[in-house]
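Peer 1: Have a look; sequence and predicted model below, questions after that.
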Amino acid sequence: AQSVTQLGSHVSVSEGALVLLRCNYSSSVPPYLFWYVQYPNQGLQLLLKYTTGATLVKGINGFEAEFKKSETSFHLTKPSAHMSDAAEYFCAVSGGAGGTSYGKLTFGQGTILTVHP
Amino acid sequence: DTAVSQTPKYLVTQMGNDKSIKCEQNLGHDTMYWYKQDSKKFLKIMFSYNNKELIINETVPNRFSPKSPDKAHLNLHINSLELGDSAVYFCASRQLLKGKGDTEAFFGQGTRLTVV
């Protein structure tokens, strides 16, 4: 079974400040981890993903995330927030394509990021 | 050219009605999903089809019936709509490589269903 917990349903930062969105996962198999962003009234867009290899993953719009197996975490960061980053962010875990999961994506509860001028 | 397109974008209907939402993907993917996003923005998988075969069927009322006429289309039909069915429904597609779940899922823009 897989699950994702995002700590903090709302995060508020000032423009130019560090963004840190927290994600912890639970998975019985080596996980594939994703961060998606959802702008108002839109679908989800992939920010970045971790599959294997390098644990620090860089994504679009200056975001990056680090996979820490010992902490079962995959926190999302951005050094300097921009007004356009205001959106809802979802962390997700995927199992393998086989077995009973068939690549099912399990999402966290989402974190709304507000950026103040 | 939209990769995953859903129609309609908005759907307002009365309780007890039957409605359908259509989804098409032009990415050549072999797997498609329906997700429900409730009022608290929680995303929960409902169904998944792989090459027209139902492979995931989460605990969803029988009033919801997915249909996949071909691997590029996955429609969702809902019978006897209830107030609690009000939500945003997202279609997604993905190419699942053998044994791996590391590929990106592409999402449609969502269909906001309001049952009154």
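Peer 2: Received it, and whenever you're ready, just let me know what you need.
Peer 1: Let me know whether residue A:111 touches residue A:6 as I believe.
Peer 2: Yes - contact criterion Cβ atoms under 8 Å: residue A:111 and residue A:6 qualify, at 5.1 Å. Bear in mind the C-beta positions are built from the backbone N, C-alpha and C, glycine included.
Peer 1: list residues touching both of the two?
Peer 2: Common neighbours of residue A:111 and residue A:6, counting by Cβ atoms under 8 Å, 6 or more residues apart in numbering or on different chains, are A:21, A:22, A:89, A:90.
Peer 1: can you pull the buried residues of stretch A:43-53?
Peer 2: Neighbour-count burial for stretch A:43-53 flags A:43, A:44, A:46, A:47, A:48, A:49, A:50, A:51 (criterion: 16 or more other Cβ atoms under 10 Å in any protein chain shown).
Peer 1: and residue B:84, that's in a helix?
Peer 2: Yes - when DSSP: H, G, I helix; E, B strand; the rest coil is applied, residue B:84 is found to be in a helix.
Peer 1: which phi and psi does the nearest residue to it once chain neighbours are set aside have?
Peer 2: Nearest non-adjacent residue to residue B:84, counting by Cβ to Cβ, 6 or more residues apart in numbering or on different chains: residue B:115, 7.9 Å away. When read as degrees, to the nearest 10, the backbone of residue B:115 gives phi -110, psi 120.
Peer 1: Counting neighbours, what do you get for residue B:115?
Peer 2: Each residue near residue B:115 was counted by other Cβ atoms under 10 Å in any protein chain shown, and the total is 19.
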